[in-house]
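Novice: predicted model and sequence below, questions to follow.
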Amino acid sequence: GGGGGGGMNESPGELRTRMCGEVSEGDVGSEQRLAGWVKFSRLGGKEGAGGGFLVLSDHTGDMQVLVSRETDKGGWELAWSKLGLQSCIAVSGVVCLRPDKDMNRKMRTGRLELRAEKVLFFNPSDPPPFSLSKAGSSLAKEELRLQFRYLDLRRPDMQHMLRVRSRLLHRVRRDLVERHGFTDVETPTLFRPTPGGAKEFLVRPSGAGGRSFALTQSPQLMKQLLMVAGVDRYFQIARCYRDENQMSDRQAEFTQLDLELSFSSRSAIQRLVEAIVVASWKEVFPNGPAPPDTPFPSSTYLQVMRSYGSDKPDLRFANVKLEDLSSSLPVELPSGHRAVGLRVPAAAAALSNSFLRTLESGVASELGLQFHGWSISQSSISSNKFHSLSATSSSLPLGKDNIVEINSSLGAGEGDRVYVCSGPDLQACSLLGRLRTRLIQALIPIYDSYRAHASEFSFSWVEDFPLFVEDASGGWEACHHPFTRPNTEDMNLLESDPGSVRSQHFDLVLNGAEIGGGSVRIHEAELQRRVLRLLRLEESQFGYLLDALALGAPPHGGIALGVDRYLAVLLGKPTIRDVIAFPKTSQGNCLMSGAPALVDTTA
C-alpha cells in the first residue's frame, strides 16, 4: 500500500491525501497519496519493470504519475503487467516539478508529476466498452453509454453536470429557507388517482381489493392542502411520474422545484422565481455570462402565438417573426381565418432545395394546412419572378403582384426564404411557428449571426392562456389543470362562453423551452365545483379538496420549475437524459438494468 509518514497532509479520505486535480505547486517536495482510475498509461519493459508513466484521474482532474524500477508495486507484478485503463489504484510518492520539456499546459496539474514510491491495486478493470476520453462527435453511441451508465458518469462532462446540479439545488434550497421563509415539506408519492390530467402509473397493493394508488404526477393537490393548513410558503424538490410518451425533454420520472405561496399574486410569484434564477446563476456559470436582467419580459398567449407561432417562443431570434398578411391576399378570408407571413433570413442561401422541401412537407403533414414558400435570389429580384412552392395539393391564389407586395411587406432580400399560410387564426400561426423553429435550428451551425444568438439566454413570461380547450367530443378540458383560477374579468363567461375565458396561468420560457408553469389557484369550493362540472369531472373524485376549500382556504398560487429541462438548456444539452444520473431511453426503458421487467405475479 501507499505508506504514511509525517510528511502527509490532512487527508480528504483514509486512502488518499489529495484529489488528483487539486495537487498544486505548494505540494512540491511533499509526500502525497492519490487514488483514482488509470486514464492513460505508458509502461515499458516486461511487467512494467522498465518504468514509465501513467495518468491517474478522479472527478477533480488528472495527475501524471512517474513509475520507475524502484517503485514498490506491492507484490502485484502480475496485476501491474495487466494494468488496464480504468483500473482503480492508489499511488503514494513525492510531488515534483516536471522538466520544462514535459510540461502540459492543457492540464491543471500539467507542471507537476508524482514520483511513485508505492502502489496499491484496488481493482483491475476489464477493457472498457467505450473510451471515456472521447467527446463531441467521437463520443460513443448513447445506447452503449446508457447500458454502462455508471462508467459514462466517470467522464468529466458528466461529473461536471452532476456537481453543477448539486450546487444549483443546494443554493436554491438554502435561499428559499433562509432568505424567503419557505418550509421544505415532503408529500406522498402514492396518492389517489386524479382524473383530468396526464396518464398516471398505477400501483395496486396486495390486500387492497383491486383498488389502486397512483404515483403522483406532481404534488399539486398536496401543496394546495398545505396552504389550507397554514404552511404559508411551501417548497419541495419533488419527484414526479407521468406515463407518457418519452421525448428529448420528457421522462417518465422527473424532478421539479415545486413552490406554493399563500396570500400572493402572479407578479409576486414571478419576482420570486426571477430572484431564485439570479441568485443561483453563479452555481452554473461561476465565470460568466452575467445573470439575466430582471424583470423578465412578459407577453400574452395570443401575442406570442401571433408573433412567433408558439406558446414557448425562442426570443433569442426575436427579429424572425410572423406578420399578418391578410390584406395582401386577393380573396376575402372566412371569419376567424388569418393569412400570416414569415421571412427567414439567409435560409434560401444556406439550405438546399431538397432539405427545404423535406422539412416543409413534414410540417405541412403534421398540421394539414396549405402554404406557399419561395426563395429570394438576385435573378428573382431583377425579374420579379418567384417560384412559388405549395406543400399541399391545393394552393393559395397568389399572383405575381401579391408576391411582390408580400416581399416588400416582410422586407425580404436576397438569400431569404419567405412563407405565407392561410387558415384558422392560431393554426396558421402554429404552422409557420414550427417552420421558424426548425429552420433556425438548421441555420445555427451555418451562420455566425445565428450562432451568436444561440449562445444567449432569453427568459420570458407567457400569460393569459385559455382556461379551457375544446376536446374531440366537443366538450371542454383544462388547458393546464382543473385547479387554475379563471381571469377575474372573464368570470361571467364561465358557463356561457368557456372558450373565451382566460386563465391566471403563466409559463416561464427559456430559449424556446417551457421550464416552468404556475398559476393562481381556485380557493373557493363553489367556484371549483363550477369548473369541475364544466369539465364533466365527478365531484366525488375531489371530495377531500372541496372539503378543504370550504374550511377557510386562503388565496394562494404557485409554480413548478422543471429542474431537468432547465439544466439541459443552461448546459446546452440536446436532451434531458444528459442531465439525469440514471435516465430512461426515449422508449421508457432502462438499458442498464433491463427495466421494465416481467414479474412473476403467481409467487
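Specialist: Structure received. Numbers count the residues shown, from 1 in each chain.
Novice: can we go C-alpha only for contacts and neighbour counts from here?
Specialist: Will do.
Novice: what about the residue nearest to residue 125 when sequence neighbours are not counted, how many residues nearby?
Specialist: Leaving aside its chain neighbours, residue 125 sits nearest to residue 87 (4.5 Å; criterion: CA to CA, 6 or more residues apart in numbering). If you count neighbours by other CA atoms under 10 Å, residue 87 ends up with 21.
Novice: do the same with the one 10 residues further on
Specialist: The local packing of residue 97 (other CA under 10 Å) involves 18 other residues.
Novice: how about it, nearest residue that isn't a chain neighbour?
Specialist: Of all residues beyond its chain neighbours, the one nearest residue 97 is residue 112 (4.6 Å), with distances taken as CA to CA, 6+ apart.
Novice: which ones are touching the one you found?
Specialist: 24, 25, 28, 63, 64, 95, 96, 97, 98, 103 (CA atoms under 8 Å, 6 or more residues apart in numbering).
Novice: got a list of contacts for the lengthiest helix in the chain?
Specialist: Identified as the longest helix of the chain according to DSSP state H is helix 156-178. Defining contact as CA under 8 Å, 6+ apart, one finds that helix 156-178 is touched by 59, 61, 152-153, 182-184, 235, 276, 279-281, 283-284, 567, 578-579, 581.
Novice: filter those residues to the buried ones?
Specialist: Among those, those that count as buried by neighbour count (16 or more other CA atoms under 10 Å) are 59, 61, 152-153, 182-184, 235, 276, 280-281, 283-284, 567, 578-579, 581.
Novice: strands - which of the residues you listed land there?
Specialist: In this view, those that belong to strands under DSSP state E are 61, 183, 184, 235.
Novice: that older thread, of all the contacts of residue 112, which comes closest to residue 359?
Specialist: Checking those against residue 359 with CA to CA, the nearest one is residue 63 at 48.6 Å.
Novice: ok, that closest one to residue 97 distance?
Specialist: Residue 63 sits 12 Å away from residue 97, going by CA to CA, to the nearest Å.
Novice: give me the common contacts of these two.
Specialist: With CA under 8 Å, 6+ apart as the test, residue 63 and residue 97 both reach 112, 113.
Novice: could you dump the contacts of residue 112 to a markdown table with distance to residue 322?
Specialist: Rendered in a markdown table, the data for the contacts of residue 112 read as follows (distance: CA to CA, whole Å):
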| residue | distance to residue 322 |
| --- | --- |
| 24 | 56 |
| 25 | 58 |
| 28 | 63 |
| 63 | 54 |
| 64 | 57 |
| 95 | 63 |
| 96 | 63 |
| 97 | 62 |
| 98 | 61 |
| 103 | 56 |
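Novice: put the alpha carbons of stretch 176-187 into PDB.
Specialist: C-alpha atoms of stretch 176-187 as PDB (Å, rounded to 0.1, in the frame of the first residue of the first chain):
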ATOM      1  CA  LEU A 176     -35.700  29.600  -0.200                       C
ATOM      2  CA  VAL A 177     -35.400  28.700   3.500                       C
ATOM      3  CA  GLU A 178     -33.000  31.400   4.700                       C
ATOM      4  CA  ARG A 179     -33.900  34.400   2.500                       C
ATOM      5  CA  HIS A 180     -37.500  33.800   1.600                       C
ATOM      6  CA  GLY A 181     -39.100  32.000   4.600                       C
ATOM      7  CA  PHE A 182     -40.100  28.700   2.800                       C
ATOM      8  CA  THR A 183     -40.600  25.400   4.500                       C
ATOM      9  CA  ASP A 184     -39.500  22.200   2.900                       C
ATOM     10  CA  VAL A 185     -42.300  19.600   3.100                       C
ATOM     11  CA  GLU A 186     -42.300  16.100   1.700                       C
ATOM     12  CA  THR A 187     -45.600  15.000   0.200                       C
END
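Novice: let's test this: mean pLDDT of it, rounded?
Specialist: Mean pLDDT, stretch 176-187: 98.
Novice: now it: how far from the chain's centre is it?
Specialist: Here the centre of stretch 176-187 is set off from its chain's centre by 24 Å, with CA atoms, centre = their mean, to the nearest Å.
Novice: go on, stretch 216-227?
Specialist: Averaging C-alpha coordinates over stretch 216-227 and over its chain gives two centres that are 23 Å apart (CA atoms, centre = their mean).
Novice: helices of the stretch 101-250 of the chain, start to end?
Specialist: Taking DSSP state H, counting those that start in this stretch to define them, one finds helices in the stretch 101-250 of the chain at 142-147, 149-152, 156-178, 220-228.
Novice: most packed of the ones you listed?
Specialist: When you average the neighbours per residue for each of these (mean count of other CA atoms under 10 Å), helix 220-228 leads with a mean of 20.
Novice: and it, what does it pack onto?
Specialist: Counting contacts by 3 or more CA pairs under 8 Å, 6 or more residues apart in numbering; DSSP states H and E, helix 220-228 is packed against strand 233-241, strand 253-262, helix 543-549.
Novice: show me the contact partners of the longest one.
Specialist: Spelled out, that is strand 253-262. Applying CA under 8 Å, 6+ apart, the set of residues contacting strand 253-262 from outside is 219, 223-224, 227, 232-242, 269, 554-564.
Novice: next: the last one.
Specialist: Here helix 543-549 makes contact (CA under 8 Å, 6+ apart) with 221, 225, 228, 523, 524, 525, 528, 529.
Novice: can you pick out the most distant pair from those residues?
Specialist: With distance counted by CA to CA, no two of those lie farther apart than 228 and 529, which are 17.4 Å apart.
Novice: pLDDT weak spots in the stretch 101-250 of the chain?
Specialist: 196-197 (pLDDT under 70).
Novice: now with 80?
Specialist: Applying pLDDT under 80 to the stretch 101-250 of the chain flags the ranges 137, 196-198, 245-248.
Novice: quick check: buried residues in stretch 348-368?
Specialist: Along stretch 348-368, the positions that meet the burial threshold by neighbour count (16+ other CA under 10 Å) are 348, 351, 356, 359, 360, 361, 363, 364.
Novice: pull that stretch out as PDB, backbone CA atoms only.
Specialist: Output in PDB follows, covering the C-alpha atoms of stretch 348-368 (Å, rounded to 0.1, in the frame of the first residue of the first chain):
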ATOM      1  CA  ALA A 348     -32.500  30.000 -49.100                       C
ATOM      2  CA  ALA A 349     -28.800  30.800 -49.400                       C
ATOM      3  CA  ALA A 350     -27.700  28.300 -46.800                       C
ATOM      4  CA  LEU A 351     -30.100  25.300 -47.200                       C
ATOM      5  CA  SER A 352     -30.600  23.100 -50.200                       C
ATOM      6  CA  ASN A 353     -34.000  22.900 -52.000                       C
ATOM      7  CA  SER A 354     -34.200  19.200 -51.200                       C
ATOM      8  CA  PHE A 355     -33.700  19.900 -47.500                       C
ATOM      9  CA  LEU A 356     -36.300  22.700 -47.500                       C
ATOM     10  CA  ARG A 357     -38.900  20.700 -49.400                       C
ATOM     11  CA  THR A 358     -38.500  17.700 -47.000                       C
ATOM     12  CA  LEU A 359     -38.800  20.000 -43.900                       C
ATOM     13  CA  GLU A 360     -41.700  21.900 -45.300                       C
ATOM     14  CA  SER A 361     -43.600  18.800 -46.400                       C
ATOM     15  CA  GLY A 362     -43.200  17.300 -42.900                       C
ATOM     16  CA  VAL A 363     -44.600  20.400 -41.200                       C
ATOM     17  CA  ALA A 364     -47.500  20.600 -43.600                       C
ATOM     18  CA  SER A 365     -48.400  16.900 -43.000                       C
ATOM     19  CA  GLU A 366     -48.400  17.500 -39.200                       C
ATOM     20  CA  LEU A 367     -51.000  20.200 -39.300                       C
ATOM     21  CA  GLY A 368     -52.700  19.600 -42.600                       C
END
